[in-house]
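Colleague: missing the sequence, but the structure's below:
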């Protein structure tokens, strides 16, 4: 259902997709801060969630120069809150750290989706940003599917057993293979008006194949540290929003800078 909503909004207008991204990041931030609070931390919840929601909106409106300001204001707000606490028992240092982890991991990394979408609004009036985001979604899903099926079938070599014994090297290779195959098919069928070069699509596939598993492993590492199965339960049987979009958080910044370097629309 989420995929259908995302595709419908992508065909409508970039601002609608930004609203979708902002809502998703807000829910993910709520899941994160709720979970770490359950585990005994006392983060600056209001400042953290506000920053995670403000980051994509500021990035879309101003550009990447807005992100350092979002980080700074989140830090200032958190610091002021802990300065107003009754005693050192509030744990200002670890709780500020856990607050800023959420802001950077969810808000700042997720805001790169809005920066990609700016190319469809402020960059040229062409659908470069929405096209790219749809391709990223297809690539990340293909990576997950390939990793799951090959890993389930023949996975015997754990990537990092202390993080997640179910994630295997064979699954990683399966995810990479399917991602590259899907990107090649998109190029052969000329399905994208923005990423029309096969070499650019392969670069995109490689970036997704590296960063999506890294994002997934990072979230699994945090969950192992907190001793929780999922961050949320919004999607029945699949955890929360953060659990479903962890790979995207690492992919978005890498794809944004790949766009800046290769300018795939110039191959038209």
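Modeller: Thanks, I have the structure now. This structure is a prediction, so every number in the text was calculated from the model and none was measured.

Colleague: could you pull out the strands for the protein?
Modeller: Using DSSP state E, no strands are assigned anywhere in the chain.

Colleague: so what are the domain limits for it?
Modeller: Domain ranges of the chain: 1-124, 126-268, per automatic domain parsing.

Colleague: Export those as CSV, with columns for mean pLDDT.
Modeller: Output for these, formatted as CSV (pLDDT from 0 to 100):
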stretch, mean pLDDT
domain 1-124, 89
domain 126-268, 88
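
Colleague: could those domains be laid out in CSV, adding mean neighbour count?
Modeller: C-beta here means a position set from N, CA and C on the backbone, and glycine is covered the same way. Output for these, formatted as CSV (neighbours: other CB atoms under 10 Å):
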stretch, mean neighbour count
domain 1-124, 19
domain 126-268, 19
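
Colleague: Please report the distance of the residue nearest to residue 35 when sequence neighbours are not counted from residue 178.
Modeller: Residue nearest to residue 35 in three dimensions, not counting chain neighbours: residue 231, with 5.1 Å by CB to CB, 6 or more residues apart in numbering. According to CB to CB, to the nearest Å, residue 231 stands 26 Å off from residue 178.

Colleague: again with residue 71
Modeller: Residue 71 is 35 Å from residue 178, by CB to CB.

Colleague: go on, residue 256?
Modeller: Taken as CB to CB, the span from residue 256 to residue 178 is 23 Å.

Colleague: Ok, residue 32 next?
Modeller: Where residue 178 is concerned, residue 32 sits at a distance of 29 Å (CB to CB).

Colleague: for residue 225, same thing?
Modeller: Counting by CB to CB, the gap from residue 225 to residue 178 is 30 Å.

Colleague: Next one: residue 70 from residue 157, what distance?
Modeller: Computed with CB to CB, the distance linking residue 70 and residue 157 is 40 Å.

Colleague: what does residue 170 give?
Modeller: Noted for residue 170: a distance of 6 Å to residue 157, by CB to CB.

Colleague: before we move on, what about residue 202?
Modeller: Going from residue 202 to residue 157 by CB to CB gives 25 Å.

Colleague: For residue 133, list the residues it contacts.
Modeller: 10, 17, 113, 116-117 (CB atoms under 8 Å, 6 or more residues apart in numbering).

Colleague: Please list the members of these that lie in helices.
Modeller: Using DSSP state H, the members of the contacts of residue 133 that fall within helices are 10, 17, 113, 116-117.

Colleague: got the phi/psi numbers for residue 190?
Modeller: Here is the backbone geometry of residue 190 (degrees, to the nearest 10): phi 50, psi 50.
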